[in-house]
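here is a sequence together with a model predicted from it:
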Amino acid sequence: MAPPTATSTEAQTPSATLKDTQKQTKPEPVDSEPYRYEHLRPVFTQDKYPPLTPFTHVDPGHRALALPDPRALFKGPDVRVTELTPVLGNEVYGINLAKLDAEGRDQVALEVARRGVVVFRDQPDFLELGAEGWREWGRYFGRLHIHPTSGHPAGIPEMHLVYKDADNTFNFELQDHVTSTSWHSDVSYELQPPGLTTFFLLSTPATGGDTLFVSQIATLKHLSAPFVEFLRTLKAVHSGVPQAEYSRAGRRGGTVRREPVENVHPVVRRHPVTGEEALYVNAQFTKKIVGLKREESDTILKFLYDHVAKNADSQLRVKWSPNTVVLWDNRVTTHTAIVDYTNSGERRHGARITPQAERPIPALETLDLGVNKLENWHEVWA
Ligand SMILES: O=C(O)CCC(=O)C(=O)O
Ligand SMILES: [Fe+2]
């Protein structure tokens with residue numbers, strides 16, 4: 001028997017789809033209140049800074065190792081710690097970051113090194129610290145980095161901002177890309193890139209705007225022993241040039257505060273405190289494996305970037321809620337923003353404090369990073 005057919009009336013006037021209904025009922029974003037963090041919106045001053053100079057980094061995580069219990073802070077009676085995935089990330093309730101003494105901060109540094117990412121909930125005091133408090137917090141963990149191109153709040157150049165609302169986008173320009181995903185380790189082009197990094201949202205969309213992390217210790221562990229052995233022998237160029245050119249082209253406020261640099265880092269680095277080995281290349285800043293032919297370098301880097309992007313079993317997606325402060329270790333993780341809240345017109349306003357750490361330590365002790373760091377890689381690349 002033939003299946004029942006729709007009547008001609010039904011065929012001509014289909015009922016409204018769910019999408020149509022949502023179009024009619026979706027509320028307009030309302031932002032009538034004065035914005036509480038107006039003074040922390042990004043400015044793009046034309047200040048100029050000299051090149052960064054080398055310094056000796058002493059990692060506070062080392063000091064925690066000398067304590068009778070290096071994790072005592074996380075075992076307090078009111079503290080709740082949840083491992084968010086087996087390989088990466090803890091969520092912590094019951095510790096007030098703004099009130100920690102030196103021993104507490106040292107233990108935080110060690111915990112972030114151990115777990116890659118630590119999500120501290122309920123931190124209203126931290127959000128209210130203000131410029132001096134945030135600087136003092138960051139300086140405890142290393143020399144504060146001033147970003148060469150990004151926006152910062154007026155008078156606080158040590159604070160890198162991400163900002164998006166219905167009318168403005170700084171740092172999240174999708175342009176002609178099919179996704180906002182852009183895996184990176186922050187400013188890895190510096191000779192001494194960041195270690196423990198602090199990030200918090202001053203304004204959080206109701207849903208969306210999560211941050212995605214990957215453990216580069218875990219991604220490395222997924223690779224075969226002979227391949228890892230080969231990777232340990234390699235070093236790669238990380239470049240700040242495209243980022244500076246992007247600004248010089250008139251975008252993101254057109255700011256280039258410091259001339260861009262390129263530095264060579266080991267493809268596999270060793271964490272100075274935990275001793276763990278981590279893959280240290282990222283799609284945003286790593287340009288070339290030194291000494292390989294262009295096609296060899298491109299193929300290996302593409303494989304590694306795909307591996308990182310696809311490895312859900314090494315990833316963690318952090319959902320933001322108001323008063324959350326997230327600390328990550330840029331030496332052993334990479335991350336990407338997720339810009340999926342564009343239709344709501346909601347504001348997302350994030351602030352990062354970025355202490356620099358040691359020059360990356362090669363996992364292979366004998367790997368020579370070179371005095372002439374760039375080894376004419378441009379000649380090969382051009
Ligand atoms: O907005 C985010 O979720 C991450 C932004 C980011 O990558 C950064 O500030 O380092
Ligand atoms: Fe970042």
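Cool, the structure landed. Ligands and ions are numbered 1, 2, ... in the order given.

return the set of residues that bridge with the nearest residue to Arg41 once chain neighbours are set aside.
With sequence-adjacent residues excluded and distances taken as CB to CB, 6 or more residues apart in numbering, Arg41 is closest to Tyr163, at 6.6 Å. To be clear about C-beta, it is placed using only N, CA and C from the backbone, and glycine gets the same treatment. Beta-bridge partners for Tyr163, by DSSP bridges, are Phe170, His349.

verify the stated contact: Tyr163 with Gly350.
Yes: assessed by CB atoms under 8 Å, Tyr163 is found in contact with Gly350 at 7.5 Å.

give me the element the residue nearest to Thr149 when sequence neighbours are not counted is part of.
Nearest residue to Thr149, sequence neighbours excluded (CB to CB, 6+ apart): Ser247, at 4.4 Å. According to DSSP states H and E, Ser247 maps onto helix 241-248.

tell me what angle the helix or strand just after that helix forms with helix 241-248.
Per DSSP H and E, the first helix or strand lying C-terminal to helix 241-248 is strand 262-266. Per axes from the mean of the first three to the mean of the last three CA atoms, to 10 degrees, the angle that strand 262-266 makes with helix 241-248 is 150 degrees.

which neighbouring elements make contact with strand 262-266?
Under the contact criterion of 3 or more CB pairs under 8 Å, 6 or more residues apart in numbering; DSSP states H and E, strand 262-266 touches strand 235-239.

ok, 10 Å please
strand 235-239, strand 286-289, strand 361-362, helix 377-381 (3 or more CB pairs under 10 Å, 6 or more residues apart in numbering; DSSP states H and E).

I'd like the next helix or strand past it.
Past strand 262-266, the next helix or strand by DSSP H and E is strand 268-270.

now for that next one, which elements pack on it?
helix 216-221, helix 225-232, strand 277-279, strand 361-362.

out of the ones you listed, deepest packed?
strand 277-279 (a mean of 26; mean count of other CB atoms under 10 Å).

that one pairs with which strands, and in what direction?
When DSSP bridges is applied, strand 277-279 pairs with strand 268-270 (antiparallel).

chain center to the partner strand, what's the gap?
18 Å (CA atoms, centre = their mean, to the nearest Å).

check stretch 201-210 too.
The mean C-alpha position of stretch 201-210 is separated from the chain mean by 15 Å, CA atoms, centre = their mean.

got the CA positions of the helix holding Ser247 in CSV?
C-alpha atoms of helix 241-248 as CSV (Å, rounded to 0.1, in the frame of the first residue of the first chain):
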residue,chain,number,x,y,z
VAL,A,241,56.2,39.0,12.9
PRO,A,242,52.8,38.1,11.5
GLN,A,243,51.1,39.4,14.7
ALA,A,244,52.9,42.7,14.4
GLU,A,245,52.2,42.9,10.7
TYR,A,246,48.5,42.4,11.5
SER,A,247,48.5,45.4,13.7
ARG,A,248,50.7,47.4,11.4
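
contact partners of that helix?
44, 147-150, 173, 187, 189, 251-262, 284-285, 287 (CB atoms under 10 Å, 6 or more residues apart in numbering).

which of the residues in it are buried?
Residues of helix 241-248 classed as buried: 243-244, 247 (neighbour count, 16 or more other CB atoms under 10 Å).

which residues of this structure lie near ligand 1?
160, 162, 186, 199, 211, 335, 337, 350, 352 (CB under 6 Å from any ligand atom).

as CSV, those residues with secondary structure and distance to Arg143 would be great.
Formatted as CSV, the residues of the chain next to ligand 1 follow (DSSP: H, G, I helix; E, B strand; the rest coil; distance: CB to CB, whole Å):
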residue, secondary structure, distance to Arg143
His160, strand, 15
Val162, strand, 22
Asp186, coil, 14
Phe199, strand, 18
Thr211, strand, 24
His335, strand, 22
Ala337, strand, 25
Gly350, strand, 22
Arg352, strand, 15
